[in-house]
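Asker: A structural model of the following input is requested.
(4 chains)
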Protein chains: 2
Amino acid sequence: MADGNSDTRVTIRTVAADAGVSVAAVSKVMRNAYGVSDALRLKVEASIEKLGYRPSVAARGMRGQTFTLGVLLVDIENPFLPAVFHGIEEVTETKGYKIMVAVGKAHERRETQLIEQMIDNRMDGLILVASQIPSAVMERYSRQIPTVVVGHHEPMGLGFDTVNSDDRKGARMAVMALYQRGHRDIAMLGMEWDTGHQADVSPQREQGYLATMDELGLSDRARVLRVPPTDMPRDDLLRHYLTGPDRPRAIFCWSDLDAVPVRNMAWQLGIRVPKDLALVGYDNNPVVALPMINVASIDQDGRRMGRVAAEALLTRIGGRSVAEHILIEPTLIARGSL
Amino acid sequence: MADGNSDTRVTIRTVAADAGVSVAAVSKVMRNAYGVSDALRLKVEASIEKLGYRPSVAARGMRGQTFTLGVLLVDIENPFLPAVFHGIEEVTETKGYKIMVAVGKAHERRETQLIEQMIDNRMDGLILVASQIPSAVMERYSRQIPTVVVGHHEPMGLGFDTVNSDDRKGARMAVMALYQRGHRDIAMLGMEWDTGHQADVSPQREQGYLATMDELGLSDRARVLRVPPTDMPRDDLLRHYLTGPDRPRAIFCWSDLDAVPVRNMAWQLGIRVPKDLALVGYDNNPVVALPMINVASIDQDGRRMGRVAAEALLTRIGGRSVAEHILIEPTLIARGSL
DNA sequence: CTCATTTCGTGCACCGTTCTACGTAAATCA
DNA sequence: TGATTTACGTAGAACGGTGCACGAAATGAG
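Answerer: Modelled structure (predicted):
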């Protein structure tokens, strides 16, 4: 690497002078564009190496590509999201693209600001992971910048691609696993209704749950218990669900973020798992894999979703304009809670 | 290659034309620079609002500030890091700075690449959180860009500021808490030695542990059990530590990332906590707060560290050049494992 | 009323790239 | 051999801002 210190930054001109060629020639080499001989390339590459030249992203962004992609994560706590992020990186890293991450904290206004920031920063493309932004707004932004959306069902989206786990199927697998172990009284723990985000994953899982219960002839016992988001106090509500007269014998939780508190509350109440209460969660969070917790879960393979999303974005940057909507198969990770 | 849009972007010139003033005047208003009358400001602001103008970060970066700070997190899994990140955001958000995150995955070469990327992107400053980069390299980068380092003890650093939890004191609090509950045979679980990263937090905690054991006259029983990083298989080793002839009656774990597996292994082996084995961890990870896990921990207040780091960076960007080294007091969160 | 000083606004030279248009030499074709 | 085509390299105009140098107008001092 060996760079000297930074009296004057080494620019494309420095390199050109050192190699005894024109600025444009160096630019061509950098972008391995058409029309540069091996001799020239070698000369320029030697100078680049010698001087430790690195092109300015800012200057690049003014005319051409920045080779930087923006990734907007809904939050950073849920381990599913880092998994997606790693998948994205696996692909972009080999293709010479860099990543810029931002965290939207599930707040719509904040997320739109961040997207605008990414556009201002001249990102070449955008991956939105589990964003709270309404589809119409996404559609609008996607006209300004190539966009792929992960964890947001919108099969009719025109301007952007989507990559999703097959959430209905995942819910079906969870219900079937409980059914096959003899459970009939299966409830679901779902997110609280707020706005009408039908495109989110939680409603998809609910639909899968309800359809499967129906298919099994259990629709009279089907019910969705709602809990507020994790940053609200919920212990009393969970206790009520687990001890009330209508308490279920099996629960499918829309997310491990909720399955873990449920498992803990059961333990505190002396409810045995799986004898008195069977559980299946969603996301295969590392916490449910702990021996003491040991809750079955649906694995979405976030890493794979990230890879697929990144590949889709790159082809879209490459010129594809017809939208792709990719669905990925989840798998059941069976554990002691069934 | 590029997609076919559309609306010609609204630039500073568009605004100038609309407001009937010069480009320089608009620039001045944007930066609220000296020498602009209220009348002019109002006119320009109206046009900006009307046209929805947003300055190009890329273009700005070529001469002036980008109002964007780079944050390099060592990884994204350990919840302590998001906490620091949120703290940083709390202050930058109010000062009009944006954040760009990158994740170094504890890999030195990767981290240096990311830092260079941030410099290429013309970030106004850099916050490195628990970075693996040697101090000498940090020193070198800090000459190119204002830098604050979190979770890396380097009180002699000249070119950059540091913000740390007082890790020796935290270790002392953990040992004292165990001592006061009557424990004498207290071991520590530490990171495996790899390179000589004396500046990292883990050795600091070890020093605090050893000094406190010494102070209590227990230095003959003091020992540091070493475990490989979390992505390696470690169950056999943990089992060995907990069942071997030299098995301790109390363990201070350098991180909750290790305390949780220890707690689980104890459970699997039928070792009662805290009766047969007392535990204290570090970082107050949400997992140790779960009722079923319930392990005491030292809280570093990552949020506060993030706030302090961001404030330091802003004053450094503002012109301060003498280094600051800030130490923050940790607190003990007592739980059933003591 | 004149001269000095401050306040406000503008013109223009950058910043470090990309990319189009163009010139020239070498290679291919008829 | 002359006429085209192809390959290679260059000059120079963008890109969208910043900020210096400067002039005009307004204000204050004597």
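Asker: a helix runs through A:Leu126, doesn't it?
Answerer: No. A:Leu126 is assigned strand when assessed by DSSP: H, G, I helix; E, B strand; the rest coil, not a helix.
Asker: quick one, what contacts it?
Answerer: Going by CB atoms under 8 Å, 6 or more residues apart in numbering or on different chains, A:Leu126 touches A:Leu69, A:Gly70, A:Val71, A:Leu72, A:Ile115, A:Met118, A:Tyr141, A:Ile145, A:Pro146, A:Thr147, A:Val148, A:Leu313. In short, each C-beta sits where N, CA and C put it, glycine included.
Asker: Could you report the neighbour count for whichever residue of the stretch 151-300 of chain A sits closest to DNA strand D?
Answerer: The minimum distance from the stretch 151-300 of chain A to DNA strand D, using CB to the nearest atom of the strand, falls at A:Gly159 (21.4 Å). Counted by other CB atoms under 10 Å in any protein chain shown, the residues lying close to A:Gly159 total 18.
Asker: got the residue ranges for the helices in chain A?
Answerer: A:12-19, A:23-30, A:38-51, A:57-63, A:80-94, A:108-120, A:135-144, A:167-180, A:201-215, A:235-243, A:256-269, A:302-317 (DSSP state H).
Asker: So which of these is nearest B:Val322?
Answerer: Of all these, it is helix A:57-63 that lies closest to B:Val322, at 29.3 Å by CB to CB.
Asker: Which residues of chain A lie near DNA strand D?
Answerer: Within chain A, the positions lying close to DNA strand D (CB under 7 Å from any atom of the strand) are A:21-25, A:28, A:35-37, A:39-40, A:59, A:62-63.
Asker: Make JSON lines out of the contacts of A:Leu126 and add pLDDT, neighbour count and distance to B:Met232.
Answerer: Below are the contacts of A:Leu126 laid out as JSON lines (pLDDT from 0 to 100; neighbours: other CB atoms under 10 Å in any protein chain shown; distance: CB to CB, whole Å):
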{"residue": "A:Leu69", "pLDDT": "91", "neighbour count": "28", "distance to B:Met232": "31"}
{"residue": "A:Gly70", "pLDDT": "91", "neighbour count": "25", "distance to B:Met232": "33"}
{"residue": "A:Val71", "pLDDT": "93", "neighbour count": "29", "distance to B:Met232": "28"}
{"residue": "A:Leu72", "pLDDT": "93", "neighbour count": "25", "distance to B:Met232": "32"}
{"residue": "A:Ile115", "pLDDT": "89", "neighbour count": "25", "distance to B:Met232": "38"}
{"residue": "A:Met118", "pLDDT": "86", "neighbour count": "25", "distance to B:Met232": "36"}
{"residue": "A:Tyr141", "pLDDT": "89", "neighbour count": "19", "distance to B:Met232": "42"}
{"residue": "A:Ile145", "pLDDT": "89", "neighbour count": "20", "distance to B:Met232": "40"}
{"residue": "A:Pro146", "pLDDT": "92", "neighbour count": "27", "distance to B:Met232": "39"}
{"residue": "A:Thr147", "pLDDT": "94", "neighbour count": "26", "distance to B:Met232": "38"}
{"residue": "A:Val148", "pLDDT": "96", "neighbour count": "30", "distance to B:Met232": "34"}
{"residue": "A:Leu313", "pLDDT": "95", "neighbour count": "26", "distance to B:Met232": "33"}
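Asker: which one of the residues you listed is nearest chain B?
Answerer: A:Pro146 (6.8 Å; CB to the nearest CB).
Asker: show me the contacts for the nearest residue in space to A:Asn285 that is not next to it in sequence.
Answerer: With sequence-adjacent residues excluded and distances taken as CB to CB, 6 or more residues apart in numbering or on different chains, A:Asn285 is closest to A:Asp256, at 3.7 Å. Applying CB under 8 Å, 6+ apart to A:Asp256 gives the contacts A:Gly281, A:Tyr282, A:Asp283, A:Asn284, A:Asn285, A:Val287, A:Val288, A:Val295, A:Ser297.
Asker: What count of nearby residues applies to the second one?
Answerer: Yep, that's A:Tyr282 we're talking about. 29.
Asker: Identify the bridge partners of it.
Answerer: Counting by DSSP bridges, A:Tyr282 is bridged to A:Ile298.
Asker: The nearest residue to A:Arg54 once chain neighbours are set aside and DNA strand D, how far apart?
Answerer: Excluding the flanking residues, the one nearest A:Arg54 by CB to CB, 6+ apart is B:Asp120, at 5.7 Å. Per CB to the nearest atom of the strand, to the nearest Å, B:Asp120 is found 16 Å from DNA strand D.
Asker: Quick check: closest non-adjacent residue to the residue nearest the centre of chain A.
Answerer: Relative to the mean C-alpha position of chain A, the nearest C-alpha, by CA atoms, centre = their mean, is the one of A:Val129, at 3.8 Å. Nearest residue to A:Val129, sequence neighbours excluded (CB to CB, 6+ apart): A:Val150, at 4.6 Å.
Asker: And for A:Asn294?
Answerer: Going by CB to CB, 6+ apart, A:Asn294 has A:Gly336 as its nearest residue, at 4.3 Å.
Asker: Contact partners for the one you found?
Answerer: A:Gly336 makes contacts with A:Val273, A:Pro274, A:Asn294, A:Ala296, as judged by CB under 8 Å, 6+ apart.
Asker: which residues does the residue nearest to A:Arg223 when sequence neighbours are not counted form a beta bridge with?
Answerer: Spatial nearest neighbour of A:Arg223, excluding adjacent residues (CB to CB, 6+ apart): A:Ala187 at 5.2 Å. With DSSP bridges applied, A:Ala187 shows beta-bridge pairing to A:Ile251.
Asker: what about A:Ala187, how many neighbours?
Answerer: 21.
Asker: For it, give me its contacts.
Answerer: By CB under 8 Å, 6+ apart, A:Ala187 lies in contact with A:Ala222, A:Arg223, A:Val224, A:Leu225, A:Tyr241, A:Pro248, A:Ala250, A:Ile251, A:Phe252.
Asker: let's go with 10 Å and repeat that
Answerer: A:209, A:213, A:221-225, A:241, A:246-253 (CB atoms under 10 Å, 6 or more residues apart in numbering or on different chains).
Asker: Burial check on A:Ser202, number of neighbours?
Answerer: Look at A:Ser202: counted by other CB under 10 Å, it has 18 neighbours.
Asker: my bad, A:Ala177
Answerer: There are 19 residues near A:Ala177, going by other CB under 10 Å.
Asker: Next, count neighbours for A:Arg205.
Answerer: 28.
Asker: ok, the residue nearest to it when sequence neighbours are not counted to A:Ala177 distance?
Answerer: With sequence-adjacent residues excluded and distances taken as CB to CB, 6+ apart, A:Arg205 is closest to A:Ala171, at 4.4 Å. Distance of A:Ala171 to A:Ala177, computed by CB to CB, to the nearest Å: 11 Å.
Asker: likewise A:Glu154?
Answerer: Taken as CB to CB, the span from A:Glu154 to A:Ala177 is 28 Å.
Asker: Please apply the same query to A:Met265.
Answerer: Plainly put, A:Met265 is 22 Å away from A:Ala177 if you go by CB to CB.
Asker: Please apply the same query to A:Leu42.
Answerer: Taking CB to CB as the measure, A:Leu42 and A:Ala177 are separated by 61 Å.
Asker: likewise A:Leu338?
Answerer: 6 Å.
Asker: any shared contact partners between these two?
Answerer: Common neighbours of A:Leu338 and A:Ala177, counting by CB under 10 Å, 6+ apart, are A:His183, A:Ala250, A:Ala278, A:Val280, A:Ala296, A:Leu332.
Asker: between those, which is nearest DNA strand C?
Answerer: A:Leu332 (47.5 Å).
Asker: List the beta-bridge partners for the closest one.
Answerer: Assigned bridge partners for A:Leu332, using DSSP bridges, are A:Ile298.
Asker: which residues of chain A score low on pLDDT?
Answerer: Chain A contains residues with pLDDT under 70 at A:1-8, A:194-199.
Asker: Output the set of residues of it in proximity to DNA strand C.
Answerer: Counting by CB under 7 Å from any atom of the strand, chain A sits next to DNA strand C at A:9, A:11-13, A:23-24, A:27, A:30-31, A:33, A:53-56, A:59-60, A:62-65.
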